[in-house]
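**Student:** What follows is a predicted structure for the sequence shown.
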Amino acid sequence: MNTLRAKITALLVASVLLVVLAATGLSVLLLAPPRMDQVDDAIAAQWGLVAEMVARGALPDTLQNEFVGIHDSEPAGDIIENATHGINAALAHNGRSERIVVKDGAGLPWPVVAGRLADGRWLAIPLGMPPPGPKNGGWALAGWALFIAIGTTLVIVVAVRRLTEPLALLERTVATLGPDGELEPLPEAGPTEVRAAARAINLLSTRLKRAMESRIRMVAAAGHDLRTPMTRMRLRAEFLDEEERANWIADLDELDRIADSAIRVVREEVERSSRTCLRLDELVSEVVAELVAIGLAISLASTAPASVVARPLALRRAIRNLAINAATHGHKAIIRVEAEHGRAAVVIEDEGPGIPEELMLRVFEPFFRIDTVKDAPVPGAGLGLAIAREIITGNDGTLELRNGPRGGLVQRIGLPTVITS
């Protein structure tokens, strides 16, 4: 419900219903029915006047018709109780002893007021007002208001959906945006507005993709082109004295690591292999065995069977980078593989100094290195965490870093698991 379409619909429906309710209330006030006691007094006076004329024989024959007349018996029809009581009360208030009945005259468009005269005959005159409305008038008004509300809501919902479909299309497109930042082409079909929105989104996606690929190629080219001048500088450094040559070689090695890291970042963006289902616990075990074989202080504490869908080579590279960081900067790495509630996790703990909390949000920035690490004799370009997070998020995973309760850094990789038959 927290969408622009829902908000616009609710606003329009509420506005229209408020206007309808206000207009209905104003109509009820302005078109209020007359006071029935005054109407009863007028009808009682009218009936008394005609009764006096009949008693004196002064009722013209021209007034003898289907509405006004003298009858030998009580007119047929159903008695209207409220009107009968009201007019009888008015007759008594005027000092007349006659009593009348108001009946829904059979075959007549108006009710009649009939009363027995002194000679036993019945005098009937029209009531002079339309028959009373239905007894359930309140329900009729409520039904009318409900019909207005439902009809208004349906019309507004259809209109708003039609007008806001381009916005809804944009919202759905953004929601389907994958971790790699690519958008699937949208079908350019439907109403004119939807086709225009889909065409604009497709054009934007194409241009952004071209711009990103262009920037990636530029970074790759720059990293590759650095190799030639660095090679020349290495050759020239050979002619320097021993102390100066060592400084030059160290700086050139640092530049070489930066160039290699930049090229690996670009390669990870461009060379995206297809995903496949793999056993995460087996992959971690292979990485640990590989790193232990080259002399790194890494141990596998525990593993839980877990299957994930990922790019095998890229995920292996990310886990290897994080494990090497823990073993080199944190002195020793302890790795666990956990699996529960549809998620798998690779937890890497070390025994190092950890990361200052104020720098925790910057550790994923490219080429960023913490001072304590920078001063240590550990080679690196500050791209290991950036590359690892790029790989893991590209496989629908998460990478979290936090300081352990007893010191050291805890790196946690989270990935969704799949059920294999």
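**Tutor:** Yep, that arrived.
**Student:** could you pull out the helices for the chain?
**Tutor:** In chain order, the chain shows helices spanning 4-30, 36-55, 81-93, 137-163, 165-175, 192-225, 227-237, 242-270, 280-293, 312-329, 371-374, 384-394, with DSSP state H as the criterion.
**Student:** nearest to residue 419, of those?
**Tutor:** Distance to residue 419, taken as C-beta to C-beta, is lowest for helix 280-293 among the helices of the chain, at 13.8 Å. Where you see a C-beta, it was placed from the backbone N, CA and C, and this is true even at glycine.
**Student:** Using JSON lines, lay out the helices of the chain together with distance to residue 300 and mean pLDDT.
**Tutor:** JSON lines is the format used below for the helices of the chain (distance: least, C-beta to C-beta, whole Å; pLDDT from 0 to 100):
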{"stretch": "helix 4-30", "distance to residue 300": "50", "mean pLDDT": "77"}
{"stretch": "helix 36-55", "distance to residue 300": "94", "mean pLDDT": "80"}
{"stretch": "helix 81-93", "distance to residue 300": "93", "mean pLDDT": "85"}
{"stretch": "helix 137-163", "distance to residue 300": "55", "mean pLDDT": "78"}
{"stretch": "helix 165-175", "distance to residue 300": "38", "mean pLDDT": "72"}
{"stretch": "helix 192-225", "distance to residue 300": "34", "mean pLDDT": "73"}
{"stretch": "helix 227-237", "distance to residue 300": "37", "mean pLDDT": "77"}
{"stretch": "helix 242-270", "distance to residue 300": "25", "mean pLDDT": "70"}
{"stretch": "helix 280-293", "distance to residue 300": "5", "mean pLDDT": "93"}
{"stretch": "helix 312-329", "distance to residue 300": "10", "mean pLDDT": "89"}
{"stretch": "helix 371-374", "distance to residue 300": "25", "mean pLDDT": "47"}
{"stretch": "helix 384-394", "distance to residue 300": "19", "mean pLDDT": "82"}
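**Student:** so can I have a markdown table of these showing mean neighbour count?
**Tutor:** What follows is those, written out as a markdown table (neighbours: other C-beta atoms under 10 Å):
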| stretch | mean neighbour count |
| --- | --- |
| helix 4-30 | 13 |
| helix 36-55 | 16 |
| helix 81-93 | 17 |
| helix 137-163 | 13 |
| helix 165-175 | 14 |
| helix 192-225 | 14 |
| helix 227-237 | 12 |
| helix 242-270 | 15 |
| helix 280-293 | 17 |
| helix 312-329 | 21 |
| helix 371-374 | 12 |
| helix 384-394 | 21 |
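**Student:** In a markdown table, list the ones you listed along with distance to residue 362.
**Tutor:** As requested, the helices of the chain are exported to a markdown table (distance: least, C-beta to C-beta, whole Å):
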| stretch | distance to residue 362 |
| --- | --- |
| helix 4-30 | 35 |
| helix 36-55 | 83 |
| helix 81-93 | 84 |
| helix 137-163 | 44 |
| helix 165-175 | 27 |
| helix 192-225 | 21 |
| helix 227-237 | 28 |
| helix 242-270 | 17 |
| helix 280-293 | 27 |
| helix 312-329 | 15 |
| helix 371-374 | 12 |
| helix 384-394 | 10 |
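**Student:** between the ones you listed, which gets nearest to residue 341?
**Tutor:** Nearest to residue 341 among the helices of the chain is helix 280-293; the distance by C-beta to C-beta comes to 15.1 Å.
**Student:** just checking, what packs against that closest one?
**Tutor:** strand 298-302, helix 312-329, strand 333-340, strand 343-350 (3 or more C-beta pairs under 8 Å, 6 or more residues apart in numbering; DSSP states H and E).
**Student:** From residue 327, how far off is residue 295?
**Tutor:** Residue 295 is 9 Å from residue 327, where distance means C-beta to C-beta, to the nearest Å.
**Student:** before we move on, what about residue 18?
**Tutor:** Residue 18 sits 68 Å away from residue 327, going by C-beta to C-beta.
**Student:** before we move on, back to that, how about the helices and strands packed on helix 280-293 in JSON lines, adding distance to residue 97?
**Tutor:** Conversion of the helices and strands packed on helix 280-293 to JSON lines gives the following (distance: least, C-beta to C-beta, whole Å):
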{"stretch": "strand 298-302", "distance to residue 97": "108"}
{"stretch": "helix 312-329", "distance to residue 97": "107"}
{"stretch": "strand 333-340", "distance to residue 97": "95"}
{"stretch": "strand 343-350", "distance to residue 97": "95"}
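**Student:** looking at the ones you listed, which is closest to residue 274?
**Tutor:** Evaluated over the helices and strands packed on helix 280-293, closeness to residue 274 peaks at helix 312-329, with 9.7 Å, by C-beta to C-beta.
**Student:** and the angle for that closest one with strand 298-302?
**Tutor:** Interaxial angle of helix 312-329 relative to strand 298-302 (axes from the mean of the first three to the mean of the last three C-alpha atoms, to 10 degrees): 110 degrees.
**Student:** which residues are in contact with helix 312-329?
**Tutor:** Counting by C-beta atoms under 8 Å, 6 or more residues apart in numbering, the neighbours of helix 312-329 from elsewhere in the structure are 268, 272-273, 276, 278, 283-284, 286-288, 290-291, 296-298, 332-333, 335, 346, 348-350, 352, 373, 376, 378, 384-385, 387-388, 391-392, 394-395, 399, 409, 411, 413.
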